[in-house]
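Undergrad: Give me the fold of what follows.
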Amino acid sequence: MSLGTVLRAIYARTLLQNARFVSTTPCARGLEDFFDTPVKEGEKVTAGRAWKAADLRLKSWDDLHKLWYVLLKERNMLKSEKDNYRARGLVMPNGRRQTKIQKSMCRIKYVMYERARTEKDPVKAEQLKHFVNNL
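TA: Reported below is the predicted structural model:
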């Protein structure tokens with residue numbers, strides 16, 4: 001084994017040990033991530049509007065991808081909340097949030113598919129369409 005190979009192996013191992021991996025998600029809170037923040041009695045739950053396709057067209061591919069997973073997490077959280085309310089015999093406040101999330105996700109998929117259709121390289125276009133269809 002040459003000295004260069006040994007030094008590279010040691011250097012690579014040192015870099016990996018000292019590397020800090022960046023994450024854009026907050027620290028995991030366990031099962032708390034699947035439930036909405038508690039609402040005080042009599043407090044009205046408000047939610048914003050669904051994303052419009054025109055707004056989504058201004059976003060980059062990476063931003064759309066991140067937004068998709070944020071909405072996916074929100075959708076799963078709302079489903080857990082709905083089941084929790086149903087188990088207690090209550091009605092979930094502001095159930096229209098699920099509809100807004102569903103519309104936003106459909107619009108993200110549509111905008112991504114539009115971009116895939118306009119791709120000039122046919123191989124890349126098919127790969128992008130396949131990717132969008134599997135979301």
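Undergrad: For the helix or strand hosting residue 104, which residues meet the burial criterion?
TA: Element membership of residue 104 [criterion: DSSP states H and E] is helix 96-117. For helix 96-117, the neighbour count (16 or more other C-beta atoms under 10 Å) marks 97-98, 100-101, 104-105, 107-109, 111-113, 115-116 as buried. Just so you know, the C-beta spots here come from the backbone N, C-alpha and C atoms, and that holds for glycine as well.
Undergrad: before we move on, what about stretch 69-77?
TA: So, applying 16+ other C-beta under 10 Å, buried residues of stretch 69-77: 71, 74, 75, 77.
Undergrad: will you turn those into a markdown table that also has pLDDT and secondary structure?
TA: Below are these laid out as a markdown table (pLDDT from 0 to 100; DSSP: H, G, I helix; E, B strand; the rest coil):
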| residue | pLDDT | secondary structure |
| --- | --- | --- |
| 71 | 93 | helix |
| 74 | 91 | helix |
| 75 | 92 | helix |
| 77 | 89 | helix |
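Undergrad: for these, which one is nearest residue 125?
TA: residue 71 (24.8 Å; C-beta to C-beta).
Undergrad: Can you verify my assumption that that closest one contacts residue 105?
TA: Yes: contact criterion C-beta atoms under 8 Å: residue 71 and residue 105 qualify, at 5.3 Å.
Undergrad: For stretch 126-135, could you pull out the residues that count as buried?
TA: In stretch 126-135, counting by 16+ other C-beta under 10 Å, buried: 128, 129, 132.
Undergrad: With stretch 50-65 instead?
TA: 50, 51, 56, 64.
Undergrad: Now tell me what touches it from outside.
TA: For stretch 50-65, the external contacting residues (C-beta atoms under 8 Å, 6 or more residues apart in numbering) are 67, 99-101, 103-104, 107-108, 110-112, 114-115.
Undergrad: which residues of the chain fall in helices?
TA: All helices of the chain, identified by DSSP state H, fall at 3-18, 53-57, 61-87, 96-117, 122-133.
Undergrad: Could you measure from the nearest residue to residue 47 once chain neighbours are set aside over to residue 104?
TA: The shortest distance from residue 47 to any non-neighbouring residue, by C-beta to C-beta, 6 or more residues apart in numbering, is to residue 97 (4.6 Å). Taken as C-beta to C-beta, to the nearest Å, the spacing of residue 97 relative to residue 104 amounts to 11 Å.
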